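Trainee: Sequence and predicted structure, then a few things I'm wondering about:
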Amino acid sequence: MGFWKFYKEEVEVIKDRDPAMKKNMEAILYPSFWAIYNYRRAHKLYLKGKVFKARKISQKTARKTGIEIHPAAEIGKGLFIDHGHGVVIGETTVIGDNVTLYQGVTLGGTGKEKGKRHPTIGDNVMIGAGAKVLGSFSIGENSKVAAGSVVLEEVPPNCTVVGVPGIVVKQDDVKIPHNDLDQVHIPHPVQNELKRLSEEIEDLKKKIK
């Protein structure tokens with residue numbers, strides 16, 4: 001992909017998902033713009049067997065942008081990394097189309113396994129700030145991972161995941177639209193139940209008195 005074609009596509013991606021963008025030229029100011037562009041270059045080199053050149057590009061880009069993407073990772077179209085600092089995408093990661101990642105996200109492994117050891121992220125997935133997805137399993141399409149969550153096992157499509165470790169708190173057949181990228185206000189069933197029990201105890205105390 002040539003630079004200008006990439007630029008035009010990336011402008012539309014950023015405009016769709018970041019209300020802070022006011023003019024098209026602002027796209028080149030986003031760390032994710034250069035991180036993804038250089039990943040595409042490095043990935044082509046990696047596929048040609050030019051591993052050292054590919055890694056050199058990815059490491060130089062990581063130092064400049066704070067976003068580390070291994071050139072062997074497989075990434076679809078429409079990836080958006082908001083802010084981006086501290087994002088790590090491991091070697092055997094597979095990312096589908098129209099995925100959104102926030103700062104501090106790690107798509108990593110759990111140790112020194114061989115073969116496929118990083119997650120597979122389905123289309124239209126959103127992963128909130130500071131979330132960690134660790135291991136060789138899939139996050140199903142249209143799913144949403146809350147900020148700060150740690151996901152250690154398979155997530156079906158159309159789910160909302162929250163907590164440490166991450167648990168599914170919602171599953172339906174509704175696609176998450178890109179104008180609903182709220183990564184924080186997600187109900188947690190355990191916290192909700194503790195709140196309900198606390199309120200019930202207080203009510204019983206009042207009745208006893």
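Mentor: Yep, that arrived.
Trainee: so who does residue 171 touch?
Mentor: 156, 158-160 (C-beta atoms under 8 Å, 6 or more residues apart in numbering). C-beta here means a position set from N, CA and C on the backbone, and glycine is covered the same way.
Trainee: Go ahead and build a ChimeraX selection from the buried members of the residues you listed.
Mentor: Buried residues within the contacts of residue 171, by 16 or more other C-beta atoms under 10 Å, are selected in ChimeraX with:
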select :158,159,160
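Trainee: Could you provide the contacts of residue 171 in CSV, with additional columns for pLDDT and distance to residue 19?
Mentor: As requested, the contacts of residue 171 are exported to CSV (pLDDT from 0 to 100; distance: C-beta to C-beta, whole Å):
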residue, pLDDT, distance to residue 19
156, 93, 30
158, 92, 25
159, 92, 26
160, 91, 22
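Trainee: Select from the contacts of residue 171 every entry located in strands.
Mentor: Members of the contacts of residue 171 lying in strands (criterion: DSSP state E): 159-160.
Trainee: okay if I get the contacts of residue 171 as TSV plus distance to residue 24?
Mentor: Formatted as TSV, the contacts of residue 171 follow (distance: C-beta to C-beta, whole Å):
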residue	distance to residue 24
156	37
158	33
159	34
160	33
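Trainee: Just give me the closest of the contacts of residue 171 to residue 209.
Mentor: Nearest to residue 209 out of the contacts of residue 171 is residue 160 (C-beta to C-beta; 40.1 Å).
Trainee: Please tell me how far that closest one sits from residue 91.
Mentor: 28 Å (C-beta to C-beta, to the nearest Å).
Trainee: before we move on, the earlier item: between the contacts of residue 171, which sits nearest residue 14?
Mentor: Nearest to residue 14 among the contacts of residue 171 is residue 160, at 24.4 Å by C-beta to C-beta.
Trainee: Which residues does the closest one form beta bridges with?
Mentor: Beta-bridge pairing of residue 160 under DSSP bridges involves residue 144, residue 170.
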